[in-house]
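1. Quick check, what structure comes out for this input:
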Amino acid sequence: MTSQGNTSGSLVDRLGGGAVALARLCSIVPFVYLFVYVGGAFLIPKSLGPAWVWLQRGVVSAAIVCLLVLFLQNPRPESRPAGLTHAMAISFMLVLPAIVTGYWVGVFGALVTPVLVLCSAIWGKARRA
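-> Okay, the predicted model is just below:
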């Protein structure tokens, strides 16, 4: 029989561990929560509608901020853990959960980290050339 701690630890390991796992979760959780958001929208009372929308916006905002902090901690591609560049580059997926709630700050914010990752990769290649 396995303990709960071992199960969650192996999940983090399967996601790449440490910063890579966090970046992947920041890209996956808001996207998956989108299904909860849409399904719950039919079940909650109309008076809780604005709070429900802002909850999804909060999830997207937290993911964007977390990815930005991860980029600021690892700005150079050569010093990033393996897989972190890819995990941060695919964070453009956060655009969809932001669009569904009409959160235009989130739409543009979701594109910041992938653009920064692209710019840092170009800068790194130009510096090595």
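
2. Surely Ala110 and Ile90 touch.
-> No - counting by CB atoms under 8 Å, Ala110 stays clear of Ile90, with 10.8 Å between them. C-beta here means a position set from N, CA and C on the backbone, and glycine is covered the same way.

3. Just name the shakiest helix or strand of the chain by mean pLDDT.
-> helix 4-14 (a mean of 61; mean pLDDT, DSSP states H and E).

4. right, and the helix or strand after it?
-> helix 18-41 (DSSP states H and E).

5. got a list of contacts for the helix or strand following that next one?
-> As assigned by DSSP H and E, the chain's next helix or strand after helix 18-41 is helix 49-73. Defining contact as CB atoms under 8 Å, 6 or more residues apart in numbering, one finds that helix 49-73 is touched by 19, 22-23, 26-27, 29-30, 33-34, 37, 40-41, 44, 84, 88, 91, 94, 97-98, 100-103, 106, 109-110, 112-113, 116-117, 120.

6. for helix 49-73, what is the average pLDDT?
-> Averaged over helix 49-73, pLDDT sits at 95.

7. Flag every buried residue along whichever helix or strand comes after it.
-> On the C-terminal side of helix 49-73, the closest following helix or strand by DSSP H and E is helix 84-89. Along helix 84-89, these residues count as buried under the neighbour rule (16 or more other CB atoms under 10 Å): Leu84, Thr85, Ala87, Met88, Ala89.
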